[in-house]
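Asker: structure for this input, please:
(one chain, ligands or ions: 1)
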Amino acid sequence: MAVVGRGAARDTYPAIPFFAEFDAGWRSTTVAVDWPVHYTRAIENQLDVAHIAFIHRTTIGRGGRSFVDGPYVEADDASIRVWVTNSRHTGRERRGMAELAAAAVGRDPSLTFLFPGLWRLNIGSRLKNVVAFVPIDAVTTRYYLRVYHRVTNPLLRWPFEALMRLSSRSILNQDRAIVVTQTPMDSTRAMGDRLIEADRAIAQYRRMHARLLRRAPRLEVLPSLLSPAPALVAPAPAAEVVPA
Ligand SMILES: [Fe+2]
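Answerer: Residues are numbered from 1 along each chain as shown. I've put the predicted structure just below:
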C-alpha cells in the first residue's frame, strides 16, 4: 500500500503505519470498492461491535451473539484496540471493565485500528482482514479490503482467494445498506448521535480524530474532506456521549 500526502516537502516524515505482523510468510488478495460515504462513517462502522448479530445475521452474525459484553478498548496516540466479547443472551450480568481487562490479557485484540485509516480484523492466527479507508472526497470513500492468509499451495490458493474476495464483498455489502443512510455524512458534525456503551470504540475514535484534526496544519487538511455538501448535513442538536 502507498501513502500520498499534500503540502511542502519535509526533511523527515513520520513512519507509515502498518501492521508489523505481515511478513513474507503471508499471502494476500485485495478487493477495492467505492462507497458514497464520508470516511468517518466508514471507519466507525468497522468499530461498531453491536450491529454484527443484526446486519450480518445471515453471514458472520449467524450465531445470534447480540449480547454485547464490553467491548474492552485500549488506545494510545496512534491506535485503538478492541476486544469483542459478544455472546448469546443467557440472562447473565455484564462484566465490569476490570474483569474484561483481565480477560483480554494475553489475547490479541479482535479489532485494531491505526490512524488515520487502517483496520485489522483478527479472524485467527492464519487469517486476518485488513481495510484501508481512503477518502476520495467528502462524499466518497474507497475501501481496499485485503484478506491475509497463509495458504501457499497454488492449487488451493487461487480458489481460496476467489472465495475470500466473494465473501468479503458480500459481508461488506450488508454494511453498505446501512452506512450510506447515515446523516450527517461526516460524523464530526454528528452532534445528535446518541452513543451507547457498546459504541466505546467509536467514542474513542471520535475523541482521537478530533484531537488529530485540531493539531493538523491547516495547509495539509483537504477542505473537501471536512465539508460535506450542505444539503447532506442535518440540523445539529446538543451532543451526548457515554464516556468510556
Ligand atoms: Fe458490519
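
Asker: let me see the contact set for the nearest residue to residue 32 once chain neighbours are set aside.
Answerer: The shortest distance from residue 32 to any non-neighbouring residue, by C-beta to C-beta, 6 or more residues apart in numbering, is to residue 144 (5.2 Å). Every C-beta, even on glycine, is put in place using the N, C-alpha and C of the backbone. By C-beta atoms under 8 Å, 6 or more residues apart in numbering, the contact list for residue 144 reads 1, 30-32, 131-132, 134.

Asker: quickly list what residue 144 is bridged to.
Answerer: Listed by DSSP bridges, the beta-bridge partners for residue 144 are residue 32, residue 132.

Asker: sorry, back to before: can you lay out the contacts of residue 144 as JSON lines showing pLDDT?
Answerer: JSON lines is the format used below for those (pLDDT from 0 to 100):
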{"residue": "1", "pLDDT": "67"}
{"residue": "30", "pLDDT": "97"}
{"residue": "31", "pLDDT": "96"}
{"residue": "32", "pLDDT": "96"}
{"residue": "131", "pLDDT": "97"}
{"residue": "132", "pLDDT": "97"}
{"residue": "134", "pLDDT": "96"}
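
Asker: out of the residues you listed, the closest to residue 16 would be?
Answerer: residue 1 (8.5 Å; C-beta to C-beta).

Asker: and the helix or strand hosting residue 122, average pLDDT?
Answerer: Residue 122 belongs to strand 118-124 when assigned by DSSP states H and E. Per-region confidence: strand 118-124 scores 96 on mean pLDDT.

Asker: ok, now stretch 36-48?
Answerer: Here stretch 36-48 scores 98 as its mean pLDDT.

Asker: identify the residues contacting that stretch?
Answerer: With C-beta under 8 Å, 6+ apart as the criterion, stretch 36-48 contacts 35, 51, 80, 82, 111, 113, 117, 119, 121, 131, 133-135, 138-141, 143, 175, 178-180, 182, 185-188, 198-199, 201-202, 205-206, 209, 225, 228.

Asker: can you say which of these are buried?
Answerer: Neighbour counting by 16 or more other C-beta atoms under 10 Å classes 35, 51, 80, 82, 111, 113, 117, 119, 121, 131, 133-135, 138-141, 143, 175, 179, 182, 185-187, 198-199, 201-202, 205-206, 209, 225, 228 among the contacts of stretch 36-48 as buried.

Asker: hmm, residue 109 is touching residue 83, no?
Answerer: Yes - with contact defined as C-beta atoms under 8 Å, residue 109 counts as touching residue 83 (5.5 Å).

Asker: ok, the two, which is more surrounded?
Answerer: Of the pair residue 109 and residue 83, residue 83 is the one with more neighbours under other C-beta atoms under 10 Å, namely 23 against 20.

Asker: hang on, the more buried one packs against residue 72?
Answerer: Yes - Residue 83 is in contact with residue 72 according to C-beta under 8 Å; the separation is 4.4 Å.

Asker: now the helices: where do they sit in the protein?
Answerer: With helices called from DSSP state H, the chain shows them at 39-47, 52-55, 97-104, 154-179, 200-215, 223-226.

Asker: that older thread, quick one: strands adjacent to the strand holding residue 122?
Answerer: strand 111-114 (antiparallel), strand 127-137 (antiparallel).

Asker: need those strands in TSV with distance to residue 10, can you?
Answerer: Shown next, in TSV, are the strands paired with strand 118-124 (distance: least, C-beta to C-beta, whole Å):
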stretch	distance to residue 10
strand 111-114	21
strand 127-137	21
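
Asker: so what's residue 83 up against?
Answerer: Here residue 83 is in contact with 70-73, 100, 103-104, 107, 109-110 (C-beta under 8 Å, 6+ apart).

Asker: could the residues you listed go into JSON lines alongside distance to residue 16 and pLDDT?
Answerer: Shown next, in JSON lines, are the contacts of residue 83 (distance: C-beta to C-beta, whole Å; pLDDT from 0 to 100):
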{"residue": "70", "distance to residue 16": "31", "pLDDT": "88"}
{"residue": "71", "distance to residue 16": "27", "pLDDT": "95"}
{"residue": "72", "distance to residue 16": "28", "pLDDT": "96"}
{"residue": "73", "distance to residue 16": "24", "pLDDT": "97"}
{"residue": "100", "distance to residue 16": "32", "pLDDT": "95"}
{"residue": "103", "distance to residue 16": "33", "pLDDT": "94"}
{"residue": "104", "distance to residue 16": "27", "pLDDT": "95"}
{"residue": "107", "distance to residue 16": "27", "pLDDT": "96"}
{"residue": "109", "distance to residue 16": "21", "pLDDT": "97"}
{"residue": "110", "distance to residue 16": "24", "pLDDT": "97"}
